[in-house]
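Visitor: give the three-dimensional model of this entry:
(one chain, ligands or ions: 1)
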Amino acid sequence: MDLDEAIYGRRSVREYTSEAVDEETIRRLIEAAVQAPSATNAQPWTFTVVRDQDLLDRVSEGAKAYLLAAPGGWLSDRQRTRLADPAYHIFHHAPVLILISGLAPAPWVVENCALAAENLMLAAHGVGLGTCWIGYAQGYLNTPEGKDALGLPAEWVPVAPLIVGFPTTLPPPVTRNEPTIHWVG
Ligand SMILES: Cc1cc2nc3c(=O)[nH]c(=O)nc-3n(C[C@H](O)[C@H](O)[C@H](O)COP(=O)(O)O)c2cc1C
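Guide: Below you'll find the model as predicted:
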C-alpha cells in the first residue's frame, strides 16, 4: 500500500466481523511494530496477544468499573454514561487485543511503545485489518488486578492496548484541525 494511502486511510475501527485473525498475520503485525525506532535502540516492548473473548469481556468490565471509580473525575458526563451502560464493551467485541507494554518503567517507555503501536496500526490497515487504540483499558491494565488478569509480570508497563480485526465497514474520515505551526526563524 502507498504510504500516503496508509497514513490518510487508517481509521479507528469500532465494528468488527467475527472472523478470526490468524497467528501468521498477528506475527506479521508485530514484526512491523518492532521496526519502529526506540531510544538507544533499546526495543523495550512486549506484545501480549489476547483472543479469549471471555477474558476480554472480564477485562472490559474491570476497566469500566476502574474508570467509573477513579478519583480525579476526568471523564465527561457522556463518557460516564457510556461506561455505565452494561452493553458497552470497551474492546468493541474485536477478535484480538494486542497489548504493547514496556519491559519496565524507564525513560521514553511510553514513546517507544507508542511508535510501535502506530507501526502496527498502519501495517494492519495495509492488509485490510482495522485497529483501535483502547485508552480506556490502560489504567486498569496497570493495576495489580489488571496485570494479573492477563498474566503480566508486575514490572511491565502496559501502554498501548490495540484491538485488531476485520472491519464491518471502514469508518468515514475524521476531520483534523488546522495544525498550530510555530515557525521560528
Ligand atoms: C491514546 C489513545 C486512546 C484512545 N482511546 C480510545 C478508547 O478508549 N476507545 C475508543 O473507541 N477509541 C479510542 N481511541 C481512538 C480515538 O478516538 C481516535 O484515534 C480519534 O477519534 C481519531 O480517529 P481516527 O483514529 O479514525 O483517525 C484512542 C486513541 C488514542 C491515540
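Visitor: C-alpha from now on. contacts and neighbour counts both.
Guide: Will do.
Visitor: pLDDT wise, what is residue 148 at?
Guide: Listed pLDDT for residue 148 reads 98.
Visitor: try the one 5 residues further on
Guide: According to the predicted model, the pLDDT of residue 153 comes to 98.
Visitor: same deal with residue 176?
Guide: For residue 176, pLDDT reads 96.
Visitor: contact partners for it?
Guide: Residue 176 makes no contacts at all, as judged by Cα atoms under 8 Å, 6 or more residues apart in numbering.
Visitor: that one and residue 79: what is the separation?
Guide: 21 Å (Cα to Cα, to the nearest Å).
Visitor: same thing with residue 179?
Guide: Residue 179 is 26 Å from residue 79, by Cα to Cα.
Visitor: more crowded one of these two?
Guide: More crowded of residue 179 and residue 79, by other Cα atoms under 10 Å: residue 79, with 13 against 6.
Visitor: can I take it that the more buried one is in a strand?
Guide: No - the assignment for residue 79 (DSSP: H, G, I helix; E, B strand; the rest coil) gives helix, which keeps it out of a strand.
Visitor: so what does the helix or strand hosting residue 138 touch, helix or strand wise?
Guide: Per DSSP states H and E, residue 138 falls inside helix 138-141. Applying 3 or more Cα pairs under 8 Å, 6 or more residues apart in numbering; DSSP states H and E, one finds that helix 138-141 makes contact with helix 53-69, strand 157-165.
Visitor: highest mean neighbour count out of those?
Guide: strand 157-165 (a mean of 26; mean count of other Cα atoms under 10 Å).
Visitor: got the contact list for that one?
Guide: Against strand 157-165 from outside (Cα under 8 Å, 6+ apart): 16-17, 19-21, 91, 94-105, 110, 113-114, 117, 124, 129-135, 137-138, 141-142.
Visitor: give me the contact status of that strand with the ligand.
Guide: No - counting by Cα under 6 Å from any ligand atom, the ligand is not contacted by strand 157-165; separation bottoms out at 7.5 Å.
Visitor: spatially nearest residue to the spatially most central residue of the chain (excluding sequence neighbours)?
Guide: Closest to where the C-alpha atoms of the chain average out (Cα atoms, centre = their mean) is residue 162, at 2.3 Å. Leaving out its chain neighbours, the residue that sits closest to residue 162 by Cα to Cα, 6 or more residues apart in numbering is residue 133, at 4.5 Å.
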